[in-house]
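[1] everything below, folded, please.
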Amino acid sequence: MNEFKVGLLALATLAAIVFMSFKITSNQSGFGQYVTYRTIVKDASGIFPKTPIKVAGIAAGRITSIELQGNTALITFEILKQIQVTKNSKLRIKSVGFLGDKYIEIYVGDSTEMLAKLDFIDSEESAGIETLVKDASEVLVDVKSIVKSLKESISPDGQVSPIKQILADLSEVMANTKEATEVLKRVTAGNEQKINALMDNLESFSYDLAYQMDKANPDSTMSDIKEVLSNTKKLTADLNEIVADVKRGKGTVGKLLVEDEIADQVKATLSSVQKIVGKADAIRTELSAFTGVNTLGGAENELALRIFPSPERFYHLGLTTTEIGPDTETITETTTSGTTVVQNKKERQKDTFKFNIQVGRRVQDFGFRGGLIESSGGLALDYYLQNFGTRFSLEGFDYKKDKGANLRFITELQLWNVLYGRASLDDMARKERSATVQAGLRFNDEDLKGLIGFFF
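    The predicted model follows:
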């Protein structure tokens, strides 16, 4: 009874996950009728099969395949039939945010003539992170040119600094003013009576003027001028000190003016950031979980993660569990009074765990894998039928001297969207043959994002 309840709970959980997967990825599945179109782009970085196609910002289809055609990428995709795609429609690869995932946006034209099935849609180049970094590099070159011009203006080679020239001119003006004052003093010495008479007639005016020219009076104009001149003197001294530090290469501005290496280092840093962002954006993952039954081992489950650094290379990490493990034979020889007794003891483990760690490469419709297959060394060959969502695999592993290698043939079929079925035949070259039937789910990056977004 407990086993029945556990099995019923497992089936209910699997059904709930399948329902949520269909609910989330419905815009990428076969709900409704679709029409297939094609396009050619110069750069298909960051887009893969199942990448969404959007119209007016709403998902309306997905990419089915990407192929290399000459020096360009041929993209085949499908769109809901109710979307009226005209002949003057345009297509553009866009990103979600600064470092977000990429998708394809279709801008439907105003033509009345519709595109037929498998017709081509013109693509437009879009401004991405690569264009932004390139523009930033060009701006940096302009900034470097401006800073160089500013340096030549402040401190020209072989010439007197403009600021020093201004200070020299100001000193000359002050000397001329002092000389004129001495001349005025000599002139007034012989006309003191006339000046006194003039001052008596303008007593009222003189009083006001004397008040404003009184340096001891804090409210006088002369006091304000004295303060302004004092501040100007301090400002001039600070400016001279700043210019001297800039010429010696101190501070950020000084280094920009004196050291050309800084601008080159900034450009190199931006280029490195561009490469890192490009590599991180190109990595894709695929998560799968299968459960089923083996004719000898009972219940069998598998959890696997595939990491794609590029479309043609991948790493396979997985864990396989079986209800009943393989047989273990123990031979014991006992000799008593010259008589030898041989005992053979066979045991079978329960709830065993096996690991899968493999490195693989795709070459067109073929895939090659090597590494640990169920905790033993082995090799595998895969053949993909992309149009039917089917994969055939032949694996060789668990080599034994007296029995040879375990040859396993696997057939995997996409039943609907993220739901897959799998059948395999183990130990094809041995007497202990067994068969396994499994069903499971497989999610790519787009499916996982939708599933996580459903809960959070």
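[2] mind checking the SS state of residue 6?
    Secondary structure assignment for residue 6 (DSSP: H, G, I helix; E, B strand; the rest coil): helix.
[3] what sits against it?
    Not one residue lies near residue 6 by CB atoms under 8 Å, 6 or more residues apart in numbering. For the C-beta atoms, the positions are set from N, CA and C on the backbone; glycine is no exception.
[4] and it, how far is that from residue 299?
    According to CB to CB, to the nearest Å, residue 6 and residue 299 sit 11 Å apart.
[5] ditto for residue 117
    In this view, residue 117 and residue 299 are 46 Å apart by CB to CB.
[6] residues near residue 89, how many?
    By the criterion of other CB atoms under 10 Å, residue 89 has 21 neighbours.
[7] which one is it nearest to, not counting chain neighbours?
    In space, and not counting its chain neighbours, residue 89 is closest to residue 109: 4.6 Å by CB to CB, 6 or more residues apart in numbering.
[8] compare residue 117 and residue 299 (neighbour count), which wins?
    Counted by other CB under 10 Å, residue 117 and residue 299 do not tie: residue 299 has more neighbours, with 15 against 10.
[9] tell me the secondary structure of the most far-flung residue of the chain relative to its centre, please.
    Distance to the chain centre peaks in the chain at residue 193, reaching 91.4 Å (criterion: CA atoms, centre = their mean). Following three-state DSSP, residue 193 is assigned to helix.
[10] next, the buried residues of stretch 421-440.
    By neighbour count on 16 or more other CB atoms under 10 Å, the buried set for stretch 421-440 is 421-422, 424, 426-427, 436, 438, 440.
[11] strands - which of the residues you listed land there?
    In strands, judged by DSSP state E, the following of the buried residues of stretch 421-440 are found: 421-422, 424, 426, 436, 438, 440.
[12] adding pLDDT, write those residues out as a markdown table.
    Below are these laid out as a markdown table (pLDDT from 0 to 100):
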| residue | pLDDT |
| --- | --- |
| 421 | 94 |
| 422 | 94 |
| 424 | 93 |
| 426 | 88 |
| 436 | 92 |
| 438 | 93 |
| 440 | 93 |
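[13] what is the mean pLDDT for the helix or strand containing residue 230?
    Element membership of residue 230, judged by DSSP states H and E, is helix 221-247. Regarding helix 221-247, the rounded mean pLDDT is 79.
[14] okay, buried residues for it please.
    Buried, per 16+ other CB under 10 Å, within helix 221-247: 223, 243, 246.
[15] how many residues are close by the residue nearest to residue 376 when sequence neighbours are not counted?
    Using CB to CB, 6+ apart and skipping the chain neighbours, the partner closest in space to residue 376 is residue 398 (4.5 Å). Residue neighbour count, defined by other CB under 10 Å, stands at 21 for residue 398.
[16] in which helix or strand would I find residue 398?
    Residue 398 is part of strand 390-400 when elements are defined by DSSP H and E.
[17] mean confidence score for that strand?
    In this model, strand 390-400 has an average pLDDT of 87.
[18] can you list the strands that it pairs with?
    strand 376-385 (antiparallel), strand 404-416 (antiparallel) (DSSP bridges).
[19] which pLDDT value does the model give residue 429?
    Note on residue 429: pLDDT of 77.
[20] and residue 290, by the same measure?
    Looking at residue 290, its pLDDT is 95.
[21] check residue 320 too.
    90.
[22] check residue 153 too.
    Residue 153 carries a pLDDT value of 66.
[23] likewise for residue 358?
    pLDDT at residue 358 comes out at 95.
[24] how about it: which residues does it bridge to?
    residue 316, residue 371.
[25] how many residues are close by residue 143?
    Neighbourhood size, residue 143 [other CB under 10 Å]: 13.
[26] same question, the one 3 residues further on
    Using other CB under 10 Å, residue 146 has 10 neighbouring residues.
[27] surely it is in a helix?
    Yes. Assessed with three-state DSSP, residue 146 lies in a helix.
[28] how far away is residue 16 from residue 454?
    Distance of residue 16 to residue 454, computed by CB to CB: 12 Å.
[29] make that residue 390, sorry
    Residue 390 is 29 Å from residue 454, by CB to CB.
[30] higher neighbour count, these two?
    Between residue 390 and residue 454, counting by other CB under 10 Å, residue 390 is the more crowded of the two (14 against 11).
[31] residue 411 is in contact with the more buried one, correct?
    Yes. With contact defined as CB atoms under 8 Å, residue 390 counts as touching residue 411 (7.4 Å).
[32] tilt between whatever helix or strand residue 186 lives in and helix 221-247?
    Under the criterion of DSSP H and E, residue 186 resides in helix 162-188. Counting by axes from the mean of the first three to the mean of the last three CA atoms, to 10 degrees, helix 162-188 points 150 degrees away from the direction of helix 221-247.
[33] for helix 162-188, name the packing helices and strands.
    Contacts defined by 3 or more CB pairs under 8 Å, 6 or more residues apart in numbering; DSSP states H and E place helix 162-188 against helix 129-154, helix 221-247.
[34] number of nearby residues for residue 385?
    Count around residue 385 with other CB under 10 Å applied: 12.
[35] which phi and psi does residue 113 have?
    When read as degrees, to the nearest 10, the backbone of residue 113 gives phi -90, psi 120.
[36] that one - nearest residue in space that isn't next to it in sequence?
    Among residues not flanking residue 113 along the chain, residue 87 sits closest, at 4.9 Å (CB to CB, 6+ apart).
[37] thought residue 109 was touching the one you found, still the case?
    Yes. With contact defined as CB under 8 Å, residue 87 reaches residue 109; the gap is 7.0 Å.
[38] thinking again about what came up before, the helix holding residue 230 - contacts with which helices or strands?
    helix 129-154, helix 162-188, helix 203-213, helix 251-258.
[39] go through those helices and find the least confident stretch.
    helix 251-258 (a mean of 62).
[40] so residue 307 lies in a strand, does it not?
    Yes. Judged by three-state DSSP, residue 307 forms part of a strand.
[41] how far away is the closest residue to it other than its chain neighbours from residue 360?
    Nearest non-adjacent residue to residue 307, counting by CB to CB, 6+ apart: residue 315, 4.6 Å away. Distance of residue 315 to residue 360, computed by CB to CB: 7 Å.
[42] ok, residue 172 next?
    Computed as CB to CB, the residue 172 to residue 360 distance reads 84 Å.
[43] the two: who's more crowded?
    More neighbours surround residue 360 than the other of residue 172 and residue 360, with 18 against 10 (other CB under 10 Å).
[44] nearest residue to that one other than its sequence neighbours?
    For residue 360, the spatially nearest residue (CB to CB, 6+ apart) is residue 369, at 4.1 Å.
[45] helix or strand: which one has the one you found?
    Going by DSSP H and E, residue 369 is part of strand 366-373.
[46] other SSEs contacting that strand?
    For strand 366-373, the packing partners by 3+ CB pairs under 8 Å, 6+ apart come out as strand 339-363, strand 376-385, strand 390-400.
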